[in-house]
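Colleague: sequence plus the predicted model coming up.
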Amino acid sequence: MVPLMVAGRDAAPRPEPGRPLDLLVGQQLEYVWLGHAVVLGFTGGRQVLIEAVAHLDGPTGRYDVEPGDNPSDAIATLLGDVVESAGARDTGELEIGFRGGAALLVDVDDDAESWAVTGADGLLIVCLARGELAVWGGGSGGRV
């Protein structure tokens, strides 16, 4: 499991909702960890941490992936696939499209953080409660 960093008040400017998360595009999914959080590990040291319900639409159907004691392993079908598109909706949901045709949508939680994206350079993007996005580190200056 990957620890989620706690940042101080020195957060970088927040990314505009609806903007793409370019740091994931072109990256291959190398591993999936299932548990109280679902962790997707990509090439280039990038990771996606999922702490809310996610919906996977793929060639074999639609699956709900909910972190917890018995998470669905359907997300493992994405291993080896490459991200074609990634972004946060205006409402904060995370959308990731894969070259193989699958799409992953991570819901927003009204009371807690629902997802985070990390980059190898220390960049941390977090979807806070109610879909608010925040960015720390990585020298991004708010650009993701």
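Modeller: Ah, there it is.
Colleague: contacts, neighbours, all on C-alpha from now
Modeller: Will do.
Colleague: wait, what's in contact with the most centrally placed residue in the chain?
Modeller: By CA atoms, centre = their mean, the chain has its centre lying nearest to V48, at 3.8 Å. V48 is in contact with V39, L40, G41, W115, A116, V117, T118, counting by CA atoms under 8 Å, 6 or more residues apart in numbering.
Colleague: and of the residues you listed, the nearest to P67?
Modeller: Comparing these against P67 with CA to CA places V39 closest, at 9.6 Å.
Colleague: can I take it that the closest one is in a strand?
Modeller: Yes. Counting by DSSP: H, G, I helix; E, B strand; the rest coil, V39 falls inside a strand.
Colleague: how many neighbours does it have?
Modeller: Using other CA atoms under 10 Å, V39 has 22 neighbouring residues.
Colleague: my guess is it contacts L49, does it?
Modeller: Yes. Proximity of V39 to L49 meets the contact threshold set by CA atoms under 8 Å, at 4.6 Å.
Colleague: what's around the closest residue to A129 other than its chain neighbours, how many residues?
Modeller: In space, and not counting its chain neighbours, A129 is closest to A112: 4.5 Å by CA to CA, 6 or more residues apart in numbering. Residues contacting A112 under the criterion other CA under 10 Å number 14.
Colleague: distance check, A112 against A134.
Modeller: 13 Å (CA to CA, to the nearest Å).
Colleague: same deal with L124?
Modeller: 8 Å.
Colleague: of the two, who's got more company?
Modeller: It is L124, of L124 and A134, that has more neighbours when counted by other CA under 10 Å, with 26 against 18.
Colleague: W136 and I125 touch, don't they?
Modeller: Yes. Counting by CA under 8 Å, I125 is a contact partner of W136 at 6.5 Å.
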